[in-house]
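Chemist: model the following, please.
(one chain, ligands or ions: 1)
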Amino acid sequence: MASGERLYREQVNETVSFLEEKLPSVPEIVIILGTGLGSLADSLENSISLDYEEIPHFPRSTVTSHAGKLLFGELAGKQVAVLQGRFHYYEGYSTRQITFPLRVLSLLGARFLLVSNAAGGLDPSYKPGTLMVISDHLNFIPDNPLRGVNIEEWGPRFPDLSQAYDPSLQELAQKCGKELGIDRMARGVYVAIAGPSLETPAETRYLRNCGADAVGMSTVPEVIVGIHAGLRILGIAMVANVNDPDNFQPILIHDILAEAKKAEGDFVRLIKEVVRRIK
Ligand code: HPA
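Modeler: Have a look, this model is predicted:
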């Protein structure tokens, strides 16, 4: 095995051992919280919280809207691990580094991944605040977290992505949204771009023509590793802004955070209900 992969595997295993000592039980579900969606963490019961700085080999979050905490606790009767603050390719990390926390949590025994993000809407029927259940993705980040020597104990060399987003979890999320009376629900394709610059009008038109309904700078690396690790995955994109190439408006981080704050209540209710009913 190449030395880079050997070192990575050693670091993952050290972090798994470190967390096994700290944890009262195995988390069944990993929840990754996107930009401005951190408040779900307040709903955890009997939780323990670790700053990323305390955890060996964890990358450091460089984005102020991401807290940088790993929480374990109970949510709606299930044991969950919550990554409050994630890492992005645009911060300078490789996608292998970005997905280090998820690899560790999958090896601890998690079986489900609920991954969220704030995204730009490309489907003109979307409104700010739409919660889009991700049905599929396009990876336009010029990296893949599985590039390099495959670690066979962790998963297959060529993971199948024909159903990366678990169809029954998509159904469940849409059903929960309906029953909770969340009217801005949708289902669509997410495209991940490298960032950190936002799209131009021409790029927006291109991404739409490629078949994407929402665009963001995250999620896809974690989903690829989640599939490799055998997790069942649900992705939710919170559409913060809708980008019309023919009437393009500035996309400002301040506005994205403000929209995320507004949609956060619905997002938290939806995730809690999905967690309660997941089997
Ligand atoms: N583009 C990319 N990422 C985003 C956007 C967007 O319009 N909105 C929120 N995250």
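
Chemist: mind giving me the packing neighbours of the strand or helix carrying Pro221?
Modeler: Secondary structure assignment for Pro221, by DSSP states H and E: helix 220-228. Where contact means 3 or more C-beta pairs under 8 Å, 6 or more residues apart in numbering; DSSP states H and E, helix 220-228 is packed against helix 95-98, helix 100-108, strand 112-121, strand 131-139, strand 185-192, strand 232-242. All C-beta atoms are positioned from the backbone trio N, CA, C, and that covers glycine.

Chemist: for the longest one, which helices and strands make contact with it?
Modeler: Contacting strand 232-242 under the criterion 3+ C-beta pairs under 8 Å, 6+ apart are the following elements: strand 112-121, strand 131-139, helix 167-179, strand 185-192, strand 214-216, helix 220-228, helix 253-277.

Chemist: quick check: the residue nearest to Thr15 when sequence neighbours are not counted vs Ala214, distance?
Modeler: In space, and not counting its chain neighbours, Thr15 is closest to Val104: 4.7 Å by C-beta to C-beta, 6 or more residues apart in numbering. Val104 sits 28 Å away from Ala214 when distances are taken as C-beta to C-beta, to the nearest Å.

Chemist: of the two, who's got more company?
Modeler: Ala214 (28 against 25; other C-beta atoms under 10 Å).

Chemist: just list whatever residues bridge to that one.
Modeler: Under DSSP bridges, the beta-bridge partners of Ala214 are Gly121, Tyr190.

Chemist: that one contacts Ser125, correct?
Modeler: No. Judged on C-beta atoms under 8 Å, Ala214 makes no contact with Ser125 at a distance of 11.9 Å.

Chemist: what's the closest of the helices and strands packed on strand 232-242 to Leu7?
Modeler: Between Leu7 and the helices and strands packed on strand 232-242, the tightest spacing by C-beta to C-beta is seen for helix 220-228, at 17.3 Å.

Chemist: and the contacts of that closest one?
Modeler: For helix 220-228, the surrounding residues in contact (C-beta atoms under 8 Å, 6 or more residues apart in numbering) are 32, 86, 89, 95, 98-99, 102-103, 106, 113, 115, 137-139, 141, 143-146, 154-156, 159-161, 164-165, 190, 192, 233, 235.

Chemist: and it with strand 112-121, angle?
Modeler: Orientation of helix 220-228 against strand 112-121 (axes from the mean of the first three to the mean of the last three C-alpha atoms, to 10 degrees) gives an angle of 150 degrees.

Chemist: contacts (any at all) between the ligand and helix 220-228?
Modeler: No. Helix 220-228 lies apart from the ligand when judged by C-beta under 6 Å from any ligand atom; the minimum separation is 12.4 Å.

Chemist: alpha carbons only: can I get that helix in PDB?
Modeler: Extracted C-alpha coordinates of helix 220-228, given in PDB (Å, rounded to 0.1, in the frame of the first residue of the first chain):
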ATOM      1  CA  VAL A 220     -20.900  14.700  -2.700                       C
ATOM      2  CA  PRO A 221     -17.500  13.700  -1.200                       C
ATOM      3  CA  GLU A 222     -19.300  12.500   1.900                       C
ATOM      4  CA  VAL A 223     -21.900  10.600  -0.100                       C
ATOM      5  CA  ILE A 224     -19.200   8.800  -2.100                       C
ATOM      6  CA  VAL A 225     -17.500   7.700   1.100                       C
ATOM      7  CA  GLY A 226     -20.800   6.800   2.700                       C
ATOM      8  CA  ILE A 227     -21.700   4.500  -0.100                       C
ATOM      9  CA  HIS A 228     -18.200   3.000   0.000                       C
END
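
Chemist: cool, thanks, signing off.
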